[in-house]
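1. got a structure for you, letters missing:
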């Protein structure tokens, strides 16, 4: 089956710092999404990005499908960015979550 | 527009009891999903329904049954709850193979 690896597993940032989260995957997929799970457990869509680059405010994402990786950029981090970031791949209707990157942003 | 609504939000069961988790979406999505999330882990797919009238097993279907009652509703049933089923359960929906939208989750404890 599809393997999804996220790095780093844990990340601590000072407020205002930038970061890059990485997702490597083992096989071609129909789509790739990035989600943020906040400290209250809510899952929030960030990007639907099977290929190319998208930006939304301080966040942007790039997927290079031919090289099987995706990157999530967080700029000028804020304490509200804390939580777990998941890379999620779908092949057909099967959905595979990465283990996540746990981010803590210090004030 | 409520999105994806799950009930209940919390539940405590005794081993062997049964219960049904309810999920409804008002976005006219074709596909719906049930996941479980164990502490410190990502979500794992239990069952999915590609369209009304169809259901299929995901990664961890044992101990669960599902019903796609209509296009809006997709329920998950535990016939005989076990402590290993203590988890947070999420329902999700998507129009086709696109962005998934998640409910707020159901926190289930089986004693």
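-> Cool, got the structure. Owing to the predicted nature of the structure, the values given are computational and were not obtained by experimental measurement. Numbers count the residues shown, from 1 in each chain, chains lettered A, B, ... in the order given.
2. Which residue comes closest to the residue in chain B that chain A sits nearest to once chain neighbours are left out?
-> Using C-beta to the nearest C-beta, residue B:42 is the residue of chain B that sits closest to chain A, at 3.2 Å. (Glycine included, C-beta is placed from N, CA and C.) Nearest residue to residue B:42, sequence neighbours excluded (C-beta to C-beta, 6 or more residues apart in numbering or on different chains): residue A:97, at 3.2 Å.
3. and the one you found, backbone torsions?
-> Main-chain torsions, residue A:97, degrees, to the nearest 10: phi -90, psi 140.
4. Kindly state the beta-bridge partners for it.
-> residue A:88 (DSSP bridges).
5. Pull the number of nearby residues for it.
-> Number of residues near residue A:97 (other C-beta atoms under 10 Å in any protein chain shown) recorded here: 21.
6. these two touch, right, it and residue B:38?
-> No - using C-beta atoms under 8 Å, residue A:97 makes no contact with residue B:38, being 11.5 Å away.
7. residues shared between the contacts of the two?
-> residue B:44 (C-beta atoms under 8 Å, 6 or more residues apart in numbering or on different chains).
8. And the residue of chain B closest to chain A, how close does it get to residue B:28?
-> Using C-beta to C-beta, to the nearest Å, residue B:42 is found at 28 Å from residue B:28.
9. Flag every residue of chain B that's near chain A.
-> When proximity is defined as C-beta under 8 Å from any C-beta of the partner chain, chain B approaches chain A at B:31, B:33, B:35, B:41-45, B:48, B:50, B:56, B:58-59, B:88, B:90, B:97-102, B:104-105.
10. let's go with 7 Å and repeat that
-> Contact residues (C-beta under 7 Å from any C-beta of the partner chain) of chain B with chain A: B:31, B:33, B:41-43, B:45, B:48, B:50, B:56, B:58, B:88, B:90, B:97-102, B:104-105.
11. Filter these down to the buried ones and hand me the PyMOL line.
-> Under the burial definition 16 or more other C-beta atoms under 10 Å in any protein chain shown, those of the residues of chain B next to chain A that qualify are selected in PyMOL by:
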select buried, chain B and resi 31+33+42+43+45+48+50+58+88+90+97+99+100+101+102+104+105
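12. The residues of chain B next to chain A in strands, which ones?
-> Mapping these onto strands (DSSP state E) picks out B:31, B:33, B:43, B:45, B:48, B:56, B:88, B:90, B:101, B:102.
13. Can you add pLDDT and give the residues you listed back as a markdown table?
-> Below are these laid out as a markdown table (pLDDT from 0 to 100):
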| residue | pLDDT |
| --- | --- |
| B:31 | 91 |
| B:33 | 94 |
| B:43 | 92 |
| B:45 | 93 |
| B:48 | 93 |
| B:56 | 94 |
| B:88 | 97 |
| B:90 | 97 |
| B:101 | 91 |
| B:102 | 94 |
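14. Can you tell me the closest non-neighbouring residue to residue B:64?
-> residue B:46 (5.4 Å).
15. err, residue B:71, not the other one
-> Leaving aside its chain neighbours, residue B:71 sits nearest to residue B:52 (4.7 Å; criterion: C-beta to C-beta, 6+ apart).
16. lowest confidence element among the helices and strands of chain A?
-> Lowest by mean pLDDT, DSSP states H and E among the helices and strands of chain A is strand A:94-97, with a mean of 85.
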